[in-house]
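*Asks:* kindly return the folded structure for what I paste below:
(chains A and B)
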Amino acid sequence: MYFVLRRGLTLGVTLILISFLTFLVFQIIPGDPVLTILGMDAEKGQILALQEKLGLDKPLFQRFISWMGGVFSGNLGESLRFSRPVLDLMMSRLPVTISLALISLGVTIIIAIPLGILAAKVRGQWLDYLISLLTQLGMAIPSFWLGIILMFIFGVIFRWFTPGSYVPWSEDFWGAFKGLFLPALAMAIPKIAVLVRYLRAAVLEQLKLEYVRTAYGKGLGQNVVVNKHVLKNALIPVVTVLGMIVADVLGGSLIIEQVFALPGMGRLLVSSISYRDFPLVQGMILYIAIIVTCINFIVDIMYGLLDPRIRLE
Amino acid sequence: MKKNLNLYIGGGLILIQLLAMLVSFVYTPFDPNEMNIQERFSPPSWNHWLGTDNFGRDILSRIMKGSQTAFLVGTIAVSIGLTIGTFIGAFAGYLGGWIDEIIMRLTDTLQAFPGILLALMFITVFGPSTVNTMLALSLVSIPVFSRISRSGFIQYKQFEFVEAARAMGLSTIRIMFLHILPNVMSPLIVAASMGFASAVLAEAGLSYLGLGVQPPDPSWGRMLNEAQNYIFKAPWYTLSPGIMITISVLGFNLLGDGIRDLRDPRIT
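*Replies:* Numbering: from 1, shown residues only, chains lettered A, B, ... in the order given. This next block holds a predicted model:
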């Protein structure tokens, strides 16, 4: 319990620092943000109106207090482009990004765990080298390029799905899955590569330990030793990597949504940057960072539950 | 001793790219920016080895020029990130206490943002440009280097040679940077090589989004963005920039692995 409390305190501090940083960074926009948005030949009335809307007529400290208040109450102001609350816009785009991340994570786990164990079992043989080669390649290939190629092969040549069409889950479950699977796969491949290498190393690390020798000594075969004894321990450090992967997947979806023209958070963010819709960008960046931090917190706690040694650290 | 394949293959791939980049300063088959409407979308041929793009520009020449951008962005981003990261990590690790606490909290905060998001935030505020891409990517890499440097300094400050140096009355700065730093260098060099790979990948991603390297500087990522629009007419256009990105990232990752094996053979 003490462990959870201590980590919870760190989480709180990090969240406040994230909010502070996101606030501060947007204060240092070179020049006058109002003129940047409106253009140099804006009228006086327009300028004053926008200044008031952005809260720039108030002193810095007061703005910070109201920003922090907004962070906690979910009121992050209005988008300049859509004239709608930032939170509403984000919530309308969130399902796509979350589905993408979950499918991607699922694909990663389903493929990487058996492959990582296999690589450890056949260590030093040609299959191990093949897997090692493929994972090196997988880590190097840009996922958005992979996305373009997958889209070309399955969307254009095989006509398996229509590129650029997205149907919500509620309308057509299978159609939604078809539209999301390829982008999720493109995002998953580099993550699969990382996870396979990590798991292989973790299994090999465990195989050196004495309990493994005992298990072999009892006359158990390699499959039983690895699947029943080693895997449980080898998966513990993998939990941490999964946390990193979730963060990466959320970051990666910013680009992959652009490739497949999916109406998720990433597309909204990228187009808002080009439109210089500062409140929307600021709010989205903050919320993605908060989601990532909270996921890492959960991973930390799980890690502590799975491996009691961590709690004493 | 077992042959260090990672080092040779990684080094080889980087060397080839480095050569292509150096050659591009003095020679490219065509002017990379010269448009030729009659030769739009010509497939790979003896004249245009990698074909031409939507403006009839020679893709090979643009790929070669693009390697200048990739190397420049990678070099600058890693140099700044490595220097600042090593420096603040050194102070955090060696001095400890509240300085360490503050630096680590800041590092945690920066790392709470997925790298690409941090870079995008920087670019939103300062505007998209080639220079800002480098600065944004160096900002992303600072926490990585500072963590490695910090843990190295924590490990080495307990060693006897440091105590001896202190007993000789050497200044803290001198002990830190002349006595401890050389020992911490090798994991930092490994991280720098890997960081170079990440920078190339991130630059390509940002430029693909149109928020990284800006025209007229050629960039592999932006080429991919253009290529995607013409994937029906010119599928070959999509291949070469992607392959180049993959080769450089692969090369620097392998090089990093290779250097690590070289310095610390116990791991393999």
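*Asks:* only C-alpha atoms for contact and neighbour calcs from this point on.
*Replies:* Will do.
*Asks:* give me the pLDDT for the residue nearest the centre of chain A.
*Replies:* Centroid-nearest residue in chain A, with C-alpha atoms, centre = their mean: residue A:250, separated by 2.3 Å. If you check residue A:250, the pLDDT there is 85.
*Asks:* could you do the one 4 residues further on as well?
*Replies:* According to the model's per-residue confidence, residue A:254 sits at a pLDDT of 88.
*Asks:* so where's chain B shaky on pLDDT?
*Replies:* Across chain B, the ranges flagged by pLDDT under 70 are B:1-2, B:264-268.
*Asks:* now chain A
*Replies:* For chain A, applying pLDDT under 70 flags the ranges A:30-33, A:36, A:40, A:163-164, A:310-313.
*Asks:* all the helices of it, in order from the start?
*Replies:* For chain A, the helices defined by DSSP state H cover A:2-25, A:33-38, A:44-54, A:60-73, A:86-121, A:126-140, A:143-150, A:173-207, A:210-217, A:222-224, A:231-259, A:265-275, A:278-306, A:308-311.
*Asks:* for residue B:259, find the nearest of those helices.
*Replies:* Among the helices of chain A, helix A:126-140 comes nearest to residue B:259, with 15.8 Å by C-alpha to C-alpha.
*Asks:* tell me the contacts of the closest residue to residue B:34 other than its chain neighbours?
*Replies:* Distance criterion C-alpha to C-alpha, 6 or more residues apart in numbering or on different chains; nearest residue to residue B:34, sequence neighbours excluded, is residue B:57 at 5.9 Å. With contacts defined as C-alpha atoms under 8 Å, 6 or more residues apart in numbering or on different chains, the neighbours of residue B:57 are B:31, B:32, B:33, B:34, B:35, B:36, B:40.
*Asks:* can you do 10 Å?
*Replies:* Neighbouring residues of residue B:57 by C-alpha atoms under 10 Å, 6 or more residues apart in numbering or on different chains: B:30-37, B:39-42, B:48, B:51.
*Asks:* re earlier: any chance of the helices of chain A in a markdown table, plus distance to chain B?
*Replies:* Formatted as a markdown table, the helices of chain A follow (distance: least, C-alpha to the nearest C-alpha, whole Å):
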| stretch | distance to chain B |
| --- | --- |
| helix A:2-25 | 6 |
| helix A:33-38 | 9 |
| helix A:44-54 | 15 |
| helix A:60-73 | 16 |
| helix A:86-121 | 13 |
| helix A:126-140 | 5 |
| helix A:143-150 | 6 |
| helix A:173-207 | 10 |
| helix A:210-217 | 19 |
| helix A:222-224 | 22 |
| helix A:231-259 | 6 |
| helix A:265-275 | 6 |
| helix A:278-306 | 5 |
| helix A:308-311 | 18 |
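*Asks:* picking up where we left off before, report the buried members of the contacts of residue B:57.
*Replies:* Taking 16 or more other C-alpha atoms under 10 Å in any protein chain shown as the criterion, what is buried in the contacts of residue B:57 is B:32, B:33, B:35, B:39, B:40, B:41, B:42, B:48, B:51.
*Asks:* helices along the stretch 151-268 of chain B, start to end?
*Replies:* For the stretch 151-268 of chain B, the helices defined by DSSP state H, counting those that start in this stretch occupy B:160-167, B:172-174, B:181-208, B:220-229, B:235-263.
*Asks:* next one: the residue nearest to residue B:34 from residue B:45, what distance?
*Replies:* Distance, residue B:57 to residue B:45, by C-alpha to C-alpha, to the nearest Å: 14 Å.
*Asks:* identify the contacts common to these two.
*Replies:* Common contact partners of residue B:57 and residue B:45 (C-alpha under 10 Å, 6+ apart): residue B:51.
*Asks:* from the buried ones among the contacts of residue B:57, which two are the most distant?
*Replies:* Across the buried ones among the contacts of residue B:57, the longest distance by C-alpha to C-alpha is 16.0 Å; it joins B:33 and B:42.
*Asks:* coming back round to it: the residue nearest to the centre of chain A - nearest residue in space that isn't next to it in sequence?
*Replies:* The shortest distance from residue A:250 to any non-neighbouring residue, by C-alpha to C-alpha, 6+ apart, is to residue A:101 (6.4 Å).
*Asks:* go on, residue B:172?
*Replies:* Once flanking residues are discounted, residue B:172 sits nearest to residue B:166: 7.8 Å by C-alpha to C-alpha, 6+ apart.
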